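>>> this is a predicted model, with the sequence first.
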Amino acid sequence: MNWLITGVSSGFGRALSELILEKGGKVAGTVRKEADKAEFEKLAPGRAFAILLDVTDEAAVHRGVAEAEEKLGGIEVLVNNAGYGFEGALEEATLADFRAQFDVNVFGAVAMMQATLPYLRSRRAGHILNISSMGGLATFPGISAYHGSKFALEGISESLAKEVKHLGIKVTIIEPGGFRTDWAGRSMRHVERTIEDYEPSAGWSRKRLAERNGRQPGDPRKAAEAMLLIVESPEPPLHLLLGSDALQLAGEKLGALQTEIMKWAPVSAGTDYPKQ
């Protein structure tokens, strides 16, 4: 199978690429540096193709996807993995911080999908995997920009799945919990200033992320195996939670949401015009 994966230098993108290549597949992976390009292609000469690409550059995205289509002989699976985390309370962050977060995590993924969909649509086949997060379903204080970007990606993905189903194109939202990638380390950006009043909330999250980094329960290799499994499934899920912590957090969110909805149901239903 032929895969186009963004962000293959580390984390889920790297683990997934290595597994696919071990199984004889082909991967076109996007990287940001020339040194990473050579290193990636050494993994499987003739089957690993590195593409220099910044997902925030729309013109470069279209050129890169066309290059991947040619080198692979046809893209079958797109994985939007490129992204980063941003830590800081909403008031501590700037609008520029929020825009930068959305540029990569949301608009970069949208650009990749818009550039790839014409090829998938022409073949009436394909699968898009968008790497979201358990943070696309439930939230913690101190990473509102990141949560906002993942909530946005979830909504876009769900709508897209309905738009392309009749075309034979599948969409799956991957929602990992805590995995031992560099998300909370090298890939995490931080606010330049902190406000003392937010120490009990955003400050607590900041410390918790730092303490858990490198000790998360999730194994990236097993996440890659799960993603490969659903792509090979004739009926893949729209949502795939990864990790016991993601399962627990999503379950708690769903339960709390259901309880709140039912508690306020009379108020919600009472806003209609009277029935004639």
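Yep, that arrived. Numbers count the residues shown, from 1 in each chain.

>>> count of neighbours near the residue lying closest to residue 216 once chain neighbours are set aside?
Of all residues not flanking residue 216 in the chain, residue 178 sits nearest, at 3.5 Å (CB to CB, 6 or more residues apart in numbering). From N, CA and C alone the C-beta is placed, and that goes for glycine too. Per other CB atoms under 10 Å, the neighbour tally for residue 178 reads 22.

>>> can you check the pLDDT for the residue minimising distance to the centre of the chain?
For the chain, residue 131 is the residue whose C-alpha lies nearest the centre (CA atoms, centre = their mean; 2.2 Å). pLDDT recorded at residue 131 is 97.

>>> what count of nearby residues applies to the closest residue to residue 32 other than its chain neighbours?
Counting by CB to CB, 6+ apart, residue 32 lies nearest to residue 54, which is 6.5 Å off, once chain neighbours are set aside. Residue 54: 15 surrounding residues under other CB under 10 Å.

>>> before we move on, what about the one 5 residues further on?
Under the neighbour criterion other CB under 10 Å, residue 59 is assigned a count of 8.

>>> which residues in the stretch 151-276 of the chain form helices?
204-212, 220-232, 244-263, 265-269 (DSSP state H, counting those that start in this stretch).

>>> list the helices and strands the first one packs on?
So that's helix 204-212. strand 85-87 (3 or more CB pairs under 8 Å, 6 or more residues apart in numbering; DSSP states H and E).

>>> partners of the strand it packs on, with directions?
Here strand 85-87 is paired, per DSSP bridges, with strand 188-190 (parallel).

>>> okay, now the unreliable bits of the protein?
Within the chain, the stretches with pLDDT under 70 are 182-185, 214.

>>> let's go with 90 and repeat that
Counting by pLDDT under 90, the chain shows low-confidence ranges at 10, 35, 178-188, 204-218, 275-276.

>>> top strand in it by residue count?
Taking DSSP state E as the assignment, the strand of the chain that covers the most residues is strand 169-176.

>>> distance between that strand and the chain's centre?
9 Å (CA atoms, centre = their mean, to the nearest Å).

>>> could you tell me the angle between that strand and helix 220-232?
If you take axes from the mean of the first three to the mean of the last three CA atoms, to 10 degrees, strand 169-176 sits at 160 degrees to helix 220-232.
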